Structures are given as structure tokens and as C-alpha cells.
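[1] need a 3D model of the sequence below.
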Amino acid sequence: MAVDDRFPRRVGDLPDTRSGGTRSEIVTGPVADWATDFSHVEPEWAADPYPIQDDLRRRCPIARTERFGGAWLPTRYEDVAAIAYDTERFTSRTVIVSNFRPPRDLEPVGVSPPISSDPPFHHQARRLLLPAFTKSAVRRLEPQTRAFCHELIDRFKGRDVVDAAQDYAQHIPMRVIADMLGFPPEDGPRFREFVESVLEGVNLPTDERIERVDRLFDYLLQQIHDHIDHPRDDLTSHLINAELGGRKLDASEVSGMMALLLIAGIDTTWSAIGASLWHLARTPADRERLVAEPDLLPTAMEEFLRAYAPVTMARLVKQDMHWRGVDMKADDWVLLSFPAANRDPAQFERADEVVIDRKVNRHAAFGLGVHRCVGSHLARMELRVALEVWLERVPKFTLADPSAVTWAAGQVRGPRTLPVRIG
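    Have a look, this model is predicted:
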């Protein structure tokens, strides 16, 4: 049996990254005023954040809340972009807003490199992942992704109503990421549990939240040891053997990168596929046009990404400062709402409309700056193939019950239940 002393068996034996962190009081309940008391995890935001964002952009473009220990929400494209590019005054050491701020000594690596890393470490860590996400590498994954999409739709046989989120959208990135990391595909239900724990459980009691996140890292350590004992050609083995600055990655770096790939690689694409199908189910003119003009799909897909961008990232303020009219304090959260930036009328014509043949579309769905999504080619391939196969096999579909559609609350927004009537 192979031995690698870098990797413990349990997360409790990893280096402590929590002592020195800061916990804040958990505040829940209805929002009093979105300009001074916003919360991106409340049901009203999950159901439809766009009117809220539009109102804030007009009257209070950088909103403030005392929840989560203090946070800011810029809603103009120019402000979101400025912060995303500013690695001197804003740190990425953790990108999920919660009631726990990890200690500053985690910089520049952070909790899940490279997305949580600051320069110059970020650039080095990102380079380790790039080969797996090039256009040519992603192209090789397309045939099996397409075959799996057909397999999922084959399971619809004999059914008039299916859940396009739970029966289709969520399974596609789960299978793709599981294959890339060399994880058992039957562990898909556990992946969903991990996603919900990390991204939607931010207002859980801190100890409970830590316990749930620990389950994820215990699972990742099990997979690492399985790869050490049974080496194979996949992304997990690549990270185990990779070197950074002449040394092999430590256990926290390997497991952190794997956590990033598993969580971000699944939920963002699952949400983008689901939101696109939701739009087509409720907009028959767009659906019929794409069925009749399949060559328009790549353009329409970019518009779905703009209009229904699933991802909001976070930064922490490094030092007290006055920034564009507001007084930010060290360790204040800043939510970078790419969805709000994508609907800024100062940046996009007809920003509040979905225009599936939009010609100029420099959207921010994959982020801006050094942290722009490393997996954008993969996400685009999965979204395109998922929609191509669906429209080929299910050209007619509508919402079975619009009131039954539910959306994820938190920093990745997409349909969690999406019942559609097919045929």
C-alpha cells in the first residue's frame, strides 16, 4: 500500500485554520430596508432579486447591512468591476459570506485556492488547474457529456411532468466533475448535500456549519487516500503529485482545491442550466425560435448567462478606508453581485430584457479580474450540450406549476425545483 505522510485521514488532523477567526452574531428574519439591512439568503431575494437590485442601483448603489458582522453590496457594474480587479485593498481569503471570518494569516493562500488566494500565490495555484480546463481538454469531455444528457432524458419515458432541475440539470455537472476528479458517480447525493452545506447554510450556528463543512473535507481526504492507494489518471491524482515552487502541495492546498472544483463546478453549472430551461419553459417564443434556429443557441446561451448569472462572489476589506462614498472597515464583507452588474443599464442596452440574439454581450457571469472562472470553457460546454440535447429531445415544454418553482438562496442562485410539462 502506498504511503504519503502529507495527508491525514481526518479533517481534525489538518492544520488549524479556525483559531484567530472571528465569529459574528447570527441575524435572521425579514429585511427592514434593503439599503441598510440586506440579506441575500432571505426567501424574497432567492425568489426574485432583480427588482431589489434595480431599486438599490437607483437610490443606494452600495448597500450596507449589519448582518454577517457587516457587509456591503455594490450593484453598479463599474463598482463591482473595480473591486474585482483591486487585489490591493480587497482580499479573497474566503469568498462565501457567513458569520465566521477565517484568520488573516491564511492570506495569501486562503481556504480553497486559487479562488481564495491573493497574488502572487493565486497565479501559481491557478496555473496548476489550467491544463484540465483548456478548450481542447474540455472538447474531449463533450461526447460523454452528450451521451449522459441523452441517458437522463431517456428516463423521462412515460412521464408528462419532470423536474428539469432535479431530474436533469443537477446531474450533468455532478457526473462531469465526478469523472474529472475520479470520484464514484453514485456519490451524487452527497455532492448535493455538500453544495447546500457550503453555499446555503451560512446562517446556521457556526459550530454546526463547521461540522457540515468538515464532512466535506473528510470525504475529500478519503478520496485522496483512495487515489494514493490506487493511482489513476485524473485531476485528483494530478493535484496529489503537483508541485508549486519546487514543493508538493500540502494537504490543505490539495483538499481546498478539490473542494473548490466540487462545489463551484457543480452548483454554478447546475444553476445556469436550470435557469435557462426555466426561461424557455415560460417564454414559448424564445423556445420555438431556438428549436427552429439551433445555430442561434451559442448566442442565446450567453444571454442566459448574462440575465440569469448564478454567481455572487465575496471579498473582505483589508483596511479601514473611504471607498466611493462609503466608510468600509477592515474585515467588512463585500458581495460582488455579478448578476446585478449584468443588469446595469449603464453597461447593457435593454438590461432588464432577455434578448436571445444580443450581438454585444460582455457579461460578467464568470467573474472579472484575476479570479475570473478557470472553468468557464467547461461550464459553457456543459450548458450548450445540455440545452442542445434537451431542445432536440424535448422541443415542447412549459412550466407545470409556476408557483412550485423554488430557487436556491445564497451566493449561487438557480432553480432547485423546476416542474415542467413535456410534449
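[2] CA atoms for contacts and neighbours, from now on please.
    Noted.
[3] for this protein, what's the longest helix?
    Longest helix in the chain, counting residues (DSSP state H): helix 251-282.
[4] where do the strands sit along the stretch 151-300 of the chain?
    Applying DSSP state E, counting those that start in this stretch to the stretch 151-300 of the chain gives strands spanning 161-163, 243-244, 247-248.
[5] could you export those as CSV, including distance to residue 125, mean neighbour count and mean pLDDT?
    Shown next, in CSV, are these (distance: least, Cα to Cα, whole Å; neighbours: other Cα atoms under 10 Å; pLDDT from 0 to 100):
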stretch, distance to residue 125, mean neighbour count, mean pLDDT
strand 161-163, 38, 19, 98
strand 243-244, 7, 14, 90
strand 247-248, 12, 12, 94
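[6] picking up where we left off before, what about the longest helix of the chain, distance to the chain center?
    Chain-centre distance of helix 251-282: 5 Å, with Cα atoms, centre = their mean, to the nearest Å.
[7] for that helix, give the mean pLDDT please.
    Averaged across helix 251-282, the pLDDT comes to 96.
[8] low-confidence stretches in this structure?
    The model of the chain has pLDDT under 70 over residues 1-3.
[9] can you map out the helices along the stretch 251-400 of the chain?
    Secondary structure of the stretch 251-400 of the chain (DSSP state H, counting those that start in this stretch): helices at 251-282, 284-292, 297-307, 338-341, 376-393.
[10] buried sites along the longest helix of the chain?
    By neighbour count on 16 or more other Cα atoms under 10 Å, the buried set for helix 251-282 is 251-282.
[11] now stretch 280-298
    280, 281, 282, 286, 287, 290, 291, 297, 298.
[12] got a list of what the residue lying closest to the first one once chain neighbours are set aside touches?
    Spatial nearest neighbour of residue 280, excluding adjacent residues (Cα to Cα, 6 or more residues apart in numbering): residue 287 at 5.1 Å. Residues touching residue 287, when contacts are defined by Cα atoms under 8 Å, 6 or more residues apart in numbering, comprise 280, 281, 395, 396.
[13] my read: the second one touches residue 399, true?
    Yes - between residue 281 and residue 399 there is a contact under Cα atoms under 8 Å: 5.5 Å.
[14] common neighbours of those two, please.
    Shared contacts of residue 281 and residue 399 (Cα under 8 Å, 6+ apart): residue 420.
[15] report the distance from stretch 303-317 to the chain centre.
    8 Å.
[16] and what of stretch 287-299?
    26 Å.
[17] how about stretch 184-201?
    Between the centre of stretch 184-201 and the centre of its host chain there is 13 Å, according to Cα atoms, centre = their mean.
[18] please apply the same query to stretch 202-215.
    Counting by Cα atoms, centre = their mean, stretch 202-215 is centred 19 Å from the centre of its parent chain.
[19] so how many other residues sit close to the closest residue to residue 125 other than its chain neighbours?
    Nearest residue to residue 125 in three dimensions, chain neighbours excluded: residue 114, at 5.4 Å (Cα to Cα, 6+ apart). The tally of other residues near residue 114 (other Cα atoms under 10 Å) stands at 29.
[20] show me the contacts for residue 114.
    Residue 114 neighbours (Cα under 8 Å, 6+ apart): 122, 123, 125, 126, 257, 371.
[21] isn't there a strand covering the third one?
    In other words, residue 125. No - applying DSSP: H, G, I helix; E, B strand; the rest coil, one finds residue 125 to be helix, outside a strand.
[22] quick one: residues contacting it.
    Each residue near residue 125 by Cα under 8 Å, 6+ apart is listed here: 113, 114, 244.
[23] ok, now the fourth one?
    Residues in contact with residue 126 (Cα under 8 Å, 6+ apart) are 113, 114, 374.
[24] 7 Å - rerun?
    By Cα atoms under 7 Å, 6 or more residues apart in numbering, residue 126 lies in contact with residue 114.
[25] quick check: it vs residue 216, distance?
    According to Cα to Cα, to the nearest Å, residue 126 stands 22 Å off from residue 216.
[26] do the same with the second one
    Noted for residue 123: a distance of 26 Å to residue 216, by Cα to Cα.
[27] and for the third one?
    Distance check for residue 125 against residue 216: by Cα to Cα, it reads 21 Å.
[28] can you check the fifth one too?
    Taking Cα to Cα as the criterion, residue 257 is separated from residue 216 by 12 Å.
[29] do the same with the first one
    When distance is defined by Cα to Cα, residue 122 is 23 Å away from residue 216.
[30] okay, these two: which has more neighbours?
    Per other Cα under 10 Å, whichever of residue 122 and residue 216 has more neighbours is residue 216, with 23 against 20.
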